[in-house]
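Participant: Sequence plus the predicted model coming up.
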Amino acid sequence: MMPESELKSWTRRDGQFTYLCSTDPKQIQLDAYNAALESDLLWWAKRLGDDVIKKVVENSLCFGLYMLEDGTADSSSQETPRQTMIGFARIVTDYVTFGYLTDVYVLKEHQGKGLGGWMMECVDERLNTWPDLRGFLLLTTHQSAVRMYQNKLGAQDIQEGKTKLLVMEKQGPAAVRDHVFE
């Protein structure tokens, strides 16, 4: 379960649109996340049952990326702006020493606006509050993503270091069998 101290929200204004990035699991739109799991955005994954996806979110540190429909984030307003989830990132973690980044996406119609990079800046801000963090891992196959993770998270290709690290996997019964990491 996510510690209360990990709850954080950020807003960003871009022209006529306001975007929100939040770690509040209550805001995650499970149907939108599940739709992404069965899309080409997350080619290594597949749709999960409603009870299973809820458990995934409850047991991870999740970053939901939202577009606010009314275009404002006016805190003086009594009404909560309607929001549409347009991106997501999930960290599998103990909230102290280790994190593994997965399920990162921004919907295609919202790509190219710097939102993925901004979401990674939000991730980095949270990670920088963990004084006992030993390691943060992620896997990617796209060069543009490599550059973003290097620039926004300070992540490095560990194959370039002195330690040879092998990525190993034990597939479970629900694994998507046709994925290949090259």
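Facilitator: Received, thanks.
Participant: residue closest to the middle of this structure?
Facilitator: The residue lying closest to the centre of the chain (CA atoms, centre = their mean) is A89, at 0.8 Å.
Participant: Name the single longest helix found in this protein.
Facilitator: The longest helix of the chain (DSSP state H) is helix 115-127.
Participant: quick one: the longest strand belonging to the chain to helix 115-127, angle?
Facilitator: Counting residues, the longest strand found in the chain (DSSP state E) is strand 83-93. Interaxial angle, strand 83-93 versus helix 115-127 (axes from the mean of the first three to the mean of the last three CA atoms, to 10 degrees): 50 degrees.
Participant: Next, the buried residues of the helix or strand following strand 83-93.
Facilitator: Scanning forward in sequence from strand 83-93 by DSSP states H and E, the next helix or strand is strand 98-106. Across strand 98-106, burial judged by 16 or more other CB atoms under 10 Å covers 98-99, 101-106. Every C-beta, even on glycine, is put in place using the N, C-alpha and C of the backbone.
Participant: nearest to L41, of those?
Facilitator: Here the nearest of the buried residues of strand 98-106 to L41, counting by CB to CB, is Y105; it sits at 4.2 Å.
Participant: What are the boundaries of the helices in the protein?
Facilitator: Going by DSSP H, the chain shows helices at 30-37, 50-58, 115-127, 143-153.
Participant: hmm, who's touching the longest helix of the chain?
Facilitator: With contact meaning CB atoms under 8 Å, 6 or more residues apart in numbering, helix 115-127 is reached by 6, 8, 10, 12, 19, 21, 23, 61, 63, 65, 86-87, 89, 91, 99, 101, 104, 106, 133, 136, 148-149, 151-154.
Participant: what about 6 Å?
Facilitator: 10, 12, 21, 63, 65, 87, 89, 106, 148, 152-153 (CB atoms under 6 Å, 6 or more residues apart in numbering).
Participant: picking up where we left off before, the buried residues of strand 98-106 into a markdown table, with extra columns for distance to L41?
Facilitator: What follows is the buried residues of strand 98-106, written out as a markdown table (distance: CB to CB, whole Å):
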| residue | distance to L41 |
| --- | --- |
| F98 | 25 |
| G99 | 21 |
| L101 | 15 |
| T102 | 13 |
| D103 | 9 |
| V104 | 9 |
| Y105 | 4 |
| V106 | 8 |
